[in-house]
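Visitor: Sharing a model that was predicted from the sequence below.
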Amino acid sequence: MIGQLRGRPLELAQRTAVEAVLASGSRFPYFKLSYDRYGVEVDLRQLPGEFPLVEGAFSGEPAPTTEYYSAATSMIDQVVDNVLADGLRKGHVEHVSVFAFARLPLLVYLGRKLGDGYGVDFYQRHQTTDSWVWPNVEAPASFAADMPEVSAGGEGVLLASISGTVHENEIPEALNGLPVFRIQPIDRTPAGGIIDSRATLENLRVTLRKFFGELEKQHKNIVRLHLFGALPISAAIALGRIRDPIIQPSIVTYDRVDYGSYRPALEIR
């Protein structure tokens, strides 16, 4: 799934994906579901709302419209519900390797759509190596969830500070007073590149599973969770896939449109 994030170009040729999958050591890429043998692709780059970066200007980008998210999620639905689902029914698919570059709300949505009926591996581009191949590290990072003892009402806020720190004072005023949940690294500062290995990603996945399990156990009253995340690509997809849409809260995602300013983007049920 390829989008244009803050105008940055992305190189993701078939050869790049093949090399990354082969480097995993256990799989060989197979492209039977695509007529051109290229792969199953969701290309968001031509959608209105894929804003280019203005040189020399900071501070985020215009907030995508409701129409943008409706069109983007429809594209994801079409590929997952038709092409991929058909491959599953016919026995062509037992495992999916996911390469993605898009806005956080769409990454979480993609994870939600992938479901849990087959194996999935996530890949992301690593700044330190300029590659999609997962590096091997000796000391993977670990993560922890901080939860309030009690919560009232049906809504809460989740601050997921993984690749950066999300501060409580950045939460929109309308959400002030809601119980705040946090997920962050243990004994490390949240920073870009922290998800630097499969082992680190798995540690985060374990923490996310525990978080949603404890949420269901201790805070069953929470039916909607407002997500403010500094999340790497693989982490955002993992969060969407781990959450159980039947028994766990819906996730309201937000776009960061300038420094310290968030706008609601997409509610994932």
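Guide: Perfect, thanks for sending it.
Visitor: partners of the helix or strand containing Leu158, with directions?
Guide: Element membership of Leu158, judged by DSSP states H and E, is strand 155-161. Its sheet considered, strand 155-161 pairs with strand 180-185 (parallel), strand 224-230 (parallel) by DSSP bridges.
Visitor: remind me, longest helix of this protein?
Guide: As assigned by DSSP state H, the longest helix anywhere in the chain is helix 198-218.
Visitor: angle of that helix against strand 180-185?
Guide: Angle of helix 198-218 versus strand 180-185, following axes from the mean of the first three to the mean of the last three CA atoms, to 10 degrees, is 160 degrees.
Visitor: List the buried residues in helix 198-218.
Guide: 198, 200-201, 203-205, 207-208, 211-212, 215 (16 or more other CB atoms under 10 Å). The way it works is simple: take the backbone N, C-alpha and C, and place the C-beta from them, glycine included.
Visitor: And for stretch 71-84?
Guide: For stretch 71-84, the neighbour count (16+ other CB under 10 Å) marks 72-73, 75-76, 79-80, 84 as buried.
Visitor: Output these in TSV; the columns should cover distance to Pro148, secondary structure and pLDDT.
Guide: As requested, those are exported to TSV (distance: CB to CB, whole Å; DSSP: H, G, I helix; E, B strand; the rest coil; pLDDT from 0 to 100):
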residue	distance to Pro148	secondary structure	pLDDT
Ala72	34	helix	95
Thr73	32	helix	97
Met75	38	helix	95
Ile76	33	helix	96
Val79	39	helix	91
Val80	35	helix	92
Leu84	38	helix	87
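Visitor: got TSV for those, with distance to Leu107 too?
Guide: TSV is the format used below for the buried residues of stretch 71-84 (distance: CB to CB, whole Å):
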residue	distance to Leu107
Ala72	11
Thr73	12
Met75	14
Ile76	10
Val79	15
Val80	14
Leu84	17
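Visitor: Let me know the closest of the residues you listed to Thr16.
Guide: Distance to Thr16, by CB to CB, is smallest for Val79 among the buried residues of stretch 71-84, at 19.7 Å.
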